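Engineer: Pasting the sequence and the predicted coordinates here, then a few questions.
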Amino acid sequence: MSSVRLEGIAKRFGSTEVIRGVDLDIQSGEFVVFVGASGSGKSTLLRMIAGLEQPSEGRVFIGDSDVTDAPPSERGVSMVFQSYALYPHMTVRENIAFGLKLKKTGKAAMEEAVTRVATMLEIEALLDRKPGQLSGGQRQRVAIARAIVREPDVFLFDEPLSNLDAALRTRTRIEIKDLHRKLAATMIYVTHDQVEAMSLADRMVILNGGHIEQVGPPVVLYHEPATKYVAAFLGSPTMNFLPPSVVGDAGGADSVGIRPEDMRVADSGLSGTIEEVEELGETRILHVKLEGGETIAVRDRSLDDPKIGQVVSVTFDDTAIHRFDAKGARI
């Protein structure tokens, strides 16, 4: 497996700049997830690594090789697309073997490789079917098998689970994580789903408007967001943002943030009225309108039977406060 290095990457479509000065080092064997809202540039960045888009500026390195101008076939990467991109007229066996056939791999070696990856992904019974006879989850496994069989230096995933239902998405996510452990492969994965990103990634790369907001392990980004954007992006419900005066904070911040799970109903604290109650089974979210007009989310199950219109007090520990300056940077 190989490392990936991006140096000063920029991408423009006409006068529109979609990637701005991205520098990033991905270690060999690392699972890195690009995450961000629609239009943040995450898929464009992945396509430049794959060679499907050419950078307007900067260089792309895979291992020790500068592949900026190399075609996709010479980069040692395999890509799994959102749409699966399977050939409908071919069987599963033929789809998996297609890349090996192009490389003129011998028949015996090709059959052995197809059988090996089909067994790994538990799709041996599907080898003689065609894609139209498969479920969405089965088609996605075939697409992943086709990528694995080529033994690439780097695996690229472009929102591969977005077409699956919630339960299947969760199961397939676990399978991909397990696959990474088995292969010890370098994987770069794009998603807009923060839960997917946090559960899969060794490191997350949060993109916003074509630039990197923060890079790091999921737990670090969640608990130590470098910017207000990262703080707001991660977490559901999102972090509560309030003027420092509301919480009595004199730390010189422009705004302060407190996550819903760090707030609780108490005998005293910020006074407000319950506007909505979300019962989510394992947890409950109270939406509370404070006396100053701000609405906050509180993750708390301590009230026996909360009612809309009920007046409550909400408190928190000072250690739970995140402070941000006027430009949105953590202070």
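Structural biologist: Structure's in. What do you need? Numbers count the residues shown, from 1 in each chain.
Engineer: Phi first, then psi, for the closest residue in space to Val195 that isn't next to it in sequence.
Structural biologist: In this structure, Val195 finds its nearest non-sequential neighbour in Ser236, 7.8 Å apart by C-beta to C-beta, 6 or more residues apart in numbering. Heads up, the C-betas are built off the backbone N, CA and C, glycines and all. Ser236 adopts backbone torsions of phi -140, psi 110, taken as degrees, to the nearest 10.
Engineer: Could you report the neighbour count for Ser236?
Structural biologist: Ser236 has 9 neighbouring residues, counting by other C-beta atoms under 10 Å.
Engineer: same deal with the one 10 residues further on?
Structural biologist: Neighbouring residues of Val246 were enumerated by other C-beta under 10 Å; the total is 16.
Engineer: cool, and the one 5 residues further on?
Structural biologist: Neighbours of Gly251 under the rule other C-beta under 10 Å: 10.
Engineer: tell me the SS of the closest residue to it other than its chain neighbours?
Structural biologist: Residue nearest to Gly251 in three dimensions, not counting chain neighbours: Arg323, with 5.3 Å by C-beta to C-beta, 6+ apart. Following DSSP: H, G, I helix; E, B strand; the rest coil, the label given to Arg323 is strand.
Engineer: bridging residues for Arg323?
Structural biologist: Counting by DSSP bridges, Arg323 is bridged to Val256.
Engineer: Hmm, Val247 and it touching each other?
Structural biologist: No. Counting by C-beta atoms under 8 Å, Arg323 sits too far from Val247 to count as a contact (10.4 Å).
Engineer: Please enumerate the shared neighbours of those two.
Structural biologist: Any residue near both Arg323 and Val247 by C-beta atoms under 8 Å, 6 or more residues apart in numbering counts here, and that gives Val256.
Engineer: mind listing what the spatially most central residue of the chain touches?
Structural biologist: Central residue of the chain (C-alpha atoms, centre = their mean): Ala197, 3.0 Å from the mean position. Applying C-beta under 8 Å, 6+ apart to Ala197 gives the contacts Val33, Val35, Tyr189, Thr191, Met204, Pro218.
Engineer: Looks to me like it is in a helix.
Structural biologist: Yes. Assessed with three-state DSSP, Ala197 lies in a helix.
Engineer: can you offset everything so residue one is 35?
Structural biologist: Right, with 35 as the first residue, what we last looked at is Ala231.
Engineer: just to revisit the earlier point, for the residue nearest to Gly285, list the residues it contacts.
Structural biologist: Counting by C-beta under 8 Å, 6+ apart, Arg357 makes contact with Pro278, Asp283, Gly285, Gly286, Ala287, Ser289, Val290, Gly291, Arg364, Ile365.
Engineer: what do you get for Leu160?
Structural biologist: Val126, Ala152, Leu168, Gln172, Val176.
Engineer: hmm, who's touching the strand or helix carrying the fourth one?
Structural biologist: Using DSSP states H and E, Gln172 sits in helix 170-182. Contacts made with helix 170-182 from outside it, assessed by C-beta under 8 Å, 6+ apart, are listed as 112-115, 118-120, 126, 129-130, 132-133, 148, 151-152, 154-157, 160, 165, 168, 189, 194-195, 197-199, 202, 205-206, 209-210, 213, 217.
Engineer: and that helix, how far out from the chain's middle?
Structural biologist: Counting by C-alpha atoms, centre = their mean, to the nearest Å, helix 170-182 is centred 19 Å from the centre of its parent chain.
Engineer: in the helix or strand just after that helix, what counts as buried?
Structural biologist: Next helix or strand after helix 170-182 toward the C-terminus (DSSP H and E): strand 188-192. In terms of neighbour count (16 or more other C-beta atoms under 10 Å), strand 188-192 has its buried residues at Val188, Phe189, Leu190, Phe191, Asp192.
Engineer: Any idea how many residues pack against Val253?
Structural biologist: When neighbours are counted by other C-beta under 10 Å, Val253 comes out with 10.
Engineer: tell me the angle the lowest-mean-pLDDT helix or strand in the chain makes with helix 170-182.
Structural biologist: Within the chain, judged by mean pLDDT, DSSP states H and E, the helix or strand with the poorest mean is helix 200-217; its value is a mean of 87. Here helix 200-217 points in a direction 20 degrees away from that of helix 170-182 (axes from the mean of the first three to the mean of the last three C-alpha atoms, to 10 degrees).
Engineer: which one in this protein is furthest away from the centre?
Structural biologist: Most remote from the centre of the chain, using C-alpha atoms, centre = their mean: Asp301, at 39.1 Å.
Engineer: Just to check, that residue is in contact with Val348?
Structural biologist: No. Counting by C-beta under 8 Å, Asp301 does not reach Val348; the two are 10.9 Å apart.
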